[in-house]
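S.K.: Just the structure for this:
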Amino acid sequence: MIRIAAAIFPVLFLAGCISQQPVPAVDRSTSSARTAAQPTGPGYYTVKRGDTLYRIALENGQDHRDIASWNNIANPSTIKEGQILRVAPPAATADPATDGAIVKPISAGADVESRSLDQPVVGVSPSSSGTFKREPRVGKEPYSDEAYARLNKVGVDAAKPTDVKPEIKPEAAPAAATGPDDVPWMWPTSAKLTAPYSDSGNKGLDFAGKAGDPVLAAGDGKVVYAGSGLRGFGELVIVKHNATYLSAYAHNRKILVKEGQQVSRGQKIAEMGNTDSDSVKLHFEIRKQGKPVDPVLYLPKR
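M.R.: The predicted structure follows:
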């Protein structure tokens, strides 16, 4: 019996070792590659806690519908903290090195023909219209005392300083930088200005008026936002004038335009109110590439 048990035990032990499943290997290369593939840098934005798609669009000078389209977002409220969004048009952030473009160097070789300047062009007669025109050669005039004196006189006259000095008039500095995206701005209301722009505080101009006072578009453009989805602005209208400039009109009691609508400079787009504000006022901003600037530097003198 002891001999049988001693023979069976090694067999059972070996079978147990064979039936034990190996530990699965974890492939970390896929996860690390996925992390490395996340786009970063200019043209991209990482969503922070409390962000909304509307505010991200305003801060980057874009239409929120464009950002949703670039990132395949069906519902603007579904963005999550840590999500990376494209906030610039795909063409503006495209990298030829990553988009598969192949850059070929220009080769210089047998196709480049060298030719002396004095050598005639094959197939073109000297009298034809296709010949090269050359300036008269200098120094071919026959020598004479008269020619020598004439050449020396020309050299002396050219060396004399002129007594007439051109008048230099100072140029008047423009109120704002000029460029292809400049907008012919106008004031959005005739109400009294009560709060100026401040880098550390008020990012626009505040006007005090009466409920229902007209709010006018400060320039031609397209309405890219009309609603109350941005906290602190109340009923808000945002007009995109071009690829550089936006203007914003906040705290309205009534909005008279719709998203996607084209508006003209001076068109009534809203009525002044006190939504999300403790008093009736218009808060007006001009944003250059999404960043607030002092509107007084762009508006005409009042």
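S.K.: Now the longest strand seen in the chain: buried residues?
M.R.: The longest strand of the chain (DSSP state E) is strand 245-255. Buried residues in strand 245-255, counted by 16 or more other Cβ atoms under 10 Å: Y245, L246, S247, A248, Y249, A250, H251, N252, R253, I255. The C-beta positions use only the backbone N, C-alpha and C, and glycine is treated the same way.
S.K.: Out of the residues you listed, the closest to H64 would be?
M.R.: L246 (11.8 Å; Cβ to Cβ).
S.K.: Could you check how far that closest one is from Q83?
M.R.: 23 Å (Cβ to Cβ, to the nearest Å).
S.K.: just G179 next, same as before
M.R.: G179 is 34 Å from Q83, by Cβ to Cβ.
S.K.: In terms of neighbours, single out the busier of those two.
M.R.: Between G179 and Q83, counting by other Cβ atoms under 10 Å, Q83 is the more crowded of the two (14 against 7).
S.K.: Now do the contacts for the nearest residue to that one once chain neighbours are set aside.
M.R.: Spatial nearest neighbour of Q83, excluding adjacent residues (Cβ to Cβ, 6 or more residues apart in numbering): V47 at 4.4 Å. With contact set as Cβ atoms under 8 Å, 6 or more residues apart in numbering, V47 has these partners: I56, I79, K80, E81, G82, Q83, I84, L85.
S.K.: make it 7 Å
M.R.: By Cβ atoms under 7 Å, 6 or more residues apart in numbering, the contact list for V47 reads I79, K80, E81, G82, Q83, L85.
S.K.: which of the buried residues of strand 245-255 sit farthest apart?
M.R.: Largest separation among the buried residues of strand 245-255 by Cβ to Cβ: Y245 and R253, giving 25.7 Å.
S.K.: A strand includes V237, no?
M.R.: Yes - applying DSSP: H, G, I helix; E, B strand; the rest coil, one finds V237 inside a strand.
S.K.: what's across from the residue lying closest to it once chain neighbours are set aside in the sheet?
M.R.: For V237, ignoring the flanking residues on the chain, the nearest one in space by Cβ to Cβ, 6+ apart is Y249 at 4.6 Å. With DSSP bridges applied, Y249 shows beta-bridge pairing to V237, F284.
S.K.: Hmm, Y249 is touching K281, no?
M.R.: No - Y249 is beyond contact range of K281, at 11.1 Å (criterion: Cβ atoms under 7 Å).
S.K.: before we move on, the earlier item: now that we have the contacts of V47, can you turn them into CSV and tack on pLDDT and distance to K222?
M.R.: Output for the contacts of V47, formatted as CSV (pLDDT from 0 to 100; distance: Cβ to Cβ, whole Å):
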residue, pLDDT, distance to K222
I79, 88, 23
K80, 89, 29
E81, 89, 30
G82, 89, 31
Q83, 89, 27
L85, 91, 21
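S.K.: Spatially, which two of these are the most separated?
M.R.: Using Cβ to Cβ, the two most remote members of those are E81 and L85, lying 11.8 Å apart.
S.K.: Which residue of these two possesses the greater neighbour count?
M.R.: Between E81 and L85, L85 has the larger neighbour count (other Cβ under 10 Å), namely 21 against 10.
S.K.: Look up which residues are beta-bridged to the more buried one.
M.R.: Y45.
S.K.: Return the residues in contact with it.
M.R.: If you count contacts by Cβ under 7 Å, 6+ apart, then L85 has Y44, Y45, V47, I56, I67, N71 around it.
S.K.: ok, and I67, which helix or strand is that part of?
M.R.: helix 64-70 (DSSP states H and E).
S.K.: for that helix, which positions count as buried?
M.R.: Buried residues in helix 64-70, counted by 16+ other Cβ under 10 Å: H64, R65, D66, I67, A68, W70.
S.K.: Identify the residues contacting the third one.
M.R.: This points to D66. Counting by Cβ under 7 Å, 6+ apart, D66 makes contact with nothing.
S.K.: For the residue nearest to V237, give me the pLDDT.
M.R.: Y249 carries a pLDDT value of 98.
S.K.: quick one: low-confidence ranges for the stretch 1-150 of the chain?
M.R.: Scanning the stretch 1-150 of the chain for pLDDT under 70 picks out 1-38, 40, 92-145, 147-150.
S.K.: let's see 90
M.R.: Residue ranges of the stretch 1-150 of the chain with pLDDT under 90: 1-43, 49-70, 72-83, 87-150.
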